[in-house]
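>>> model the structure of this input:
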Amino acid sequence: MSELALRYRRNTSRHQIETALARGTVARLHVPDDDAKAHLVTAVLKARGGHDEELELFGEPTASLTPKARTKVRARIGAVSPVVGLMTNLNAWENISLPAAYHGSAPLAQVASLAREVLAAFGIEPRSFFSRLPDELGMLERKIAAFVRSLVGAPELMLFDALEDGLSAAECQHAARFEAEYRARRPGGSVLYIDTREGA
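Numbers count the residues shown, from 1 in each chain. Coordinates of the predicted model:
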């Protein structure tokens, strides 16, 4: 079994981006700009690199994956990212539970229990939170909803894409809670923070 959860390389006329993430570790990657970040996050979430990208996930070169194998690899990845935003016509609970309802991967009662646990860790009252549409949620709340939705699938690799963007200084203090809640449920999981800002 490969010791790497992710290996990525992209060469363009402007940049060379290369990273490798060992299984079970946490890393922070600073990329040159939003375009580079979007390419990386999209490639990982689709388990498919572009013509100028090399991507391996869990030791497998994604270029050689069959459609069935690619689907399985994608199910092992979670993300809090604008690339996978919430559906604006569904309330927070529907956004969180939709993947489980669609794939049948977890009983809804289990999803609700998980959601309540995570919301409690952030000091959020579940009933009001669940009933609101994304436009009625603050930026931190939207990120929490996306995070809980990802946790439902118990991902082996979690991406945090510009996690502190759009948050106040006070809200940024909650940023560490995302990793802690993920680690509590997936101790052997891998975490990659991606940002365009040094020190983010």
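>>> what sits up against stretch 22-40?
With CB atoms under 8 Å, 6 or more residues apart in numbering as the contact definition, stretch 22-40 has outside contacts at 2-5, 8, 10, 14-15, 17, 19, 21, 50, 53, 58, 83, 161-162, 179, 188-198, 200. From N, CA and C alone the C-beta is placed, and that goes for glycine too.
>>> ok, of those, which come out buried?
Among the contacts of stretch 22-40, those classed as buried by 16 or more other CB atoms under 10 Å are 4-5, 8, 10, 17, 19, 21, 53, 58, 83, 161-162, 179, 189-195.
>>> now, those that are in strands?
Among those, DSSP state E puts 4-5, 8, 10, 17, 19, 21, 53, 161, 190-195 in strands.
>>> the lowest-mean-pLDDT helix or strand in the chain - contacts with which helices or strands?
Least confident helix or strand of the chain, by mean pLDDT, DSSP states H and E, is helix 92-103 with a mean of 85. Secondary structure elements in contact with helix 92-103, counted by 3 or more CB pairs under 8 Å, 6 or more residues apart in numbering; DSSP states H and E, are helix 108-121, helix 126-131, helix 139-151.
>>> ranking those by burial, who's on top?
Comparing the helices and strands packed on helix 92-103 on average neighbours per residue, with mean count of other CB atoms under 10 Å, the densest one is helix 139-151 at a mean of 22.
>>> give me the mean pLDDT for that helix.
Computed over helix 139-151, the mean pLDDT rounds to 96.
>>> next, the angle helix 92-103 makes with it.
Note on geometry: by axes from the mean of the first three to the mean of the last three CA atoms, to 10 degrees, helix 139-151 and helix 92-103 are set 20 degrees apart in direction.
>>> tell me the residue furthest from the middle of the protein?
Among the residues of the chain, the one whose C-alpha is farthest from the average of all C-alpha positions is residue 13, by CA atoms, centre = their mean at 28.4 Å.
>>> and residue 42, which of the helices and strands packed on helix 92-103 is closest to it?
Evaluated over the helices and strands packed on helix 92-103, closeness to residue 42 peaks at helix 139-151, with 15.7 Å, by CB to CB.
>>> list the helices and strands that closest one packs on?
In terms of contacts (3+ CB pairs under 8 Å, 6+ apart), helix 139-151 is packed against strand 77-80, helix 92-103, helix 108-121, helix 175-185.
>>> report the distance from that helix to the chain centre.
Between the centre of helix 139-151 and the centre of its chain there are 9 Å (CA atoms, centre = their mean, to the nearest Å).
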